[in-house]
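Visitor: this one's sequence-less:
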């Protein structure tokens, strides 16, 4: 049947071996505990707000500076 579809048996064997390797590797994974996940989630949220605040200030200052330069050179139109 595999030959009729143009797929060699070797391809099926490689796919089977691949999934067996994936299963073996997944058993070796050390998953984080609830406390570690909670801590990193809080850190990501705090970092996101800090960067949002920082980039908001940068945006405001850049906009303010560009507006003043344009007003100076264009005569306050």
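Guide: Alright, I've got the coordinates. Here the structure is a predicted model, which is why all the values come from computation and not from measurement.
Visitor: For the protein, which helix extends over the most residues?
Guide: Counting residues, the longest helix in the chain under DSSP state H turns out to be helix 34-74.
Visitor: can you give me the offset of that one from its chain's centre?
Guide: Chain-centre distance of helix 34-74: 19 Å, with C-alpha atoms, centre = their mean, to the nearest Å.
Visitor: So which residue is dead centre in this protein?
Guide: residue 44 (11.9 Å; C-alpha atoms, centre = their mean).
Visitor: do you know how far it is from residue 16?
Guide: Between residue 44 and residue 16 the computed distance is 38 Å (C-beta to C-beta, to the nearest Å). (Glycine included, C-beta is placed from N, CA and C.)
Visitor: likewise residue 65?
Guide: Residue 65 is 63 Å from residue 16, by C-beta to C-beta.
Visitor: Could you check the helix or strand encompassing residue 22 and say which residues are buried?
Guide: Element membership for residue 22 (DSSP states H and E) is helix 9-28. Under the neighbour-count criterion of 16 or more other C-beta atoms under 10 Å, helix 9-28 has nothing buried.
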